[in-house]
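Student: Quick check, what structure comes out for this input:
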Amino acid sequence: MESLVPIIIQAISGVVGGATINSVLKQAAMAMLPKLISGVVGGVGGGMALGPVIAGMMGGGGAMSTGSIVGDIVGGLVGGGVLNGVVGAVLGGRK
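Tutor: Numbering: from 1, shown residues only. Presented below is the predicted three-dimensional model:
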């Protein structure tokens, strides 16, 4: 169960980051399902890539330390936002 918690945190923060980017960029061409999928995938990918870096900067060592959780949240927000913006630009450009 403890190994699933970071992935759940990354997925939720990825959806939040993607929704934030979509509201800022006003990408109305995307349906709800591509927004959710790209947010989750980007959040997990960004959390896996940026999470350990941010946790290391904060001095987090354990799997459930504060630095690790903050790294998962920030990485998920950034990854979900970036991937959602890219998918929105691609789908918006197709029309």
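
Student: now Val24: how far from Gly56?
Tutor: 29 Å (CB to CB, to the nearest Å). All C-beta spots, glycine's among them, are computed from the backbone N, C-alpha and C.

Student: Is Val16 in contact with Gly80, as I believe?
Tutor: Yes - the pair Val16 and Gly80 passes the contact test of CB atoms under 8 Å, sitting 7.1 Å apart.

Student: So these two - more neighbours on which side?
Tutor: Gly80 (34 against 17; other CB atoms under 10 Å).

Student: Which of the helices or strands spans that one?
Tutor: helix 66-94 (DSSP states H and E).

Student: Using neighbour counts, pick out the buried residues of that helix.
Tutor: 67-85, 87-88, 91 (16 or more other CB atoms under 10 Å).

Student: rewinding a little: comparing Val24 and Gly56, which shows the higher neighbour count?
Tutor: Taking other CB under 10 Å, Val24 and Gly56 do not tie; Gly56 has more neighbours (13 against 10).

Student: Report the contact partners of that one.
Tutor: Gly67 (CB atoms under 8 Å, 6 or more residues apart in numbering).

Student: gap between it and Leu77?
Tutor: Taken as CB to CB, the span from Gly56 to Leu77 is 18 Å.
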